[in-house]
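[1] sequence and computational prediction follow.
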Amino acid sequence: MFCKHYILLITTLLLLASCQGNNNLVDFCEMEYSDSVFLAPNNPAESPVCSSSIKLILLQASEQSQLTENVEKINRYIIDELLPNTDGAKIEEAAKLFVKEQMREFANSVKNLYYEDLEYFYENNDQTDEEYEENKKFLIERYCYESNISTEAHIGYADSVVCYKMLAYIYSGGAHPVTVTTTTSFSLKNGQPIRPVDIFRAGTNSALMDRLTKKLMEMQNAHSLNELQEMGFLTIADMFISTDMLLEPNKIVFHYDPYELAPYVYGDIDIEFSYDELSDLMNP
């Protein structure tokens, strides 16, 4: 769940902060929005401060290209499918709406819990105790939630693909933050996301998963599947073909988030192939 917020403290809106052209096909434009809030506004000196920010890259067709319609399809997909809580939003309002919705959800689900914990703390802690201030500080820090989303985009394979990556960092209590990376390749020819089923021949799933497993073994210097599993990989779930796939200019990248192939300590895992390595499995 993404971080949520209640009372607005600071609002900064930077629309279309920068645009960079790429290969005369599309421009990449950044929309940026951030909010910080006091969870207990009547006592800001001792209140958790929650924050949310987003740097959203969208596409703009260059004047000399004929890609306006397809670029609009890609932007629509990014907002409706990749960006939480913004389905149907206007492009120029998507970043702001994302943060505002997080604040609203925070108020609905977490604010009361904080006040309950605070009341319990006061009832069960003596102000003369040496650890009183430290324990109170710990309680406040537990509710300093944070959500940050950043995006990256560039031209990929054969100048006909846009490689798009969205990185979400969310801390809402617990032992560690949650990080989620979503990668999508878009076709500039039709404005649609490209999935493995679109580029690999029917009946090749088993062979592709086998190559993904062998490549992961190479990455970890494992000589067998058992050795790989002893390291912590593929113990909870078997290998699968990730739909988070980037068609880079010179390679194909399959992305896996923490826990999908291995424990959290291993972080994100990207399995990469040259196009030649997979050419026999791909559609002509």
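    Cool, got the structure. Numbers count the residues shown, from 1 in each chain.

[2] please make it C-alpha for all contacts and neighbour counts, starting now.
    Noted.

[3] now the strands for the stretch 51-200 of the chain?
    Secondary structure of the stretch 51-200 of the chain (DSSP state E, counting those that start in this stretch): strands at 146-155, 161-171, 178-187, 193-194.

[4] give me the domain ranges for this structure.
    7-194, 196-246+271-281 (automatic domain parsing).

[5] redo these as CSV? Include mean pLDDT.
    Putting those into CSV (pLDDT from 0 to 100) gives the following:
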stretch, mean pLDDT
domain 7-194, 84
domain 196-246+271-281, 97
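
[6] closest one to Asn226 among the strands of the stretch 51-200 of the chain?
    Ranking the strands of the stretch 51-200 of the chain by proximity to Asn226 (C-alpha to C-alpha) places strand 178-187 first, at 27.8 Å.

[7] tell me which of the domains of the chain is the most buried.
    Highest mean neighbour count among the domains of the chain (mean count of other C-alpha atoms under 10 Å): domain 7-194, with a mean of 17.

[8] dump the domains of the chain to JSON lines, plus distance to Pro263.
    Converted to JSON lines, the domains of the chain look like this (distance: least, C-alpha to C-alpha, whole Å):
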{"stretch": "domain 7-194", "distance to Pro263": "13"}
{"stretch": "domain 196-246+271-281", "distance to Pro263": "7"}
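
[9] ok, which of these comes nearest Asp257?
    Among those, the nearest to Asp257 by C-alpha to C-alpha is domain 7-194 (6.2 Å).

[10] what ranges do the helices span in the stretch 151-284 of the chain?
    For the stretch 151-284 of the chain, the helices defined by DSSP state H, counting those that start in this stretch cover 196-199, 205-219, 225-230, 275-278.

[11] in TSV, list those along with distance to Asn42.
    Formatted as TSV, those follow (distance: least, C-alpha to C-alpha, whole Å):
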stretch	distance to Asn42
helix 196-199	53
helix 205-219	53
helix 225-230	53
helix 275-278	59
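
[12] who wins for proximity to Glu134 among those?
    Taking C-alpha to C-alpha, helix 225-230 is the member of the helices of the stretch 151-284 of the chain nearest to Glu134, at 40.5 Å.

[13] hmm, who's touching the closest one?
    Contact with helix 225-230 is made by 217, 220, 222, 234-235, as judged by C-alpha atoms under 8 Å, 6 or more residues apart in numbering.

[14] tell me which of the domains of the chain lies nearest to Ile252.
    Of all those, domain 196-246+271-281 sits nearest to Ile252, with 5.3 Å by C-alpha to C-alpha.

[15] quick one: terminal-to-terminal distance for that closest one?
    Terminal residues of domain 196-246+271-281 are spaced 11 Å apart (C-alpha to C-alpha, to the nearest Å).
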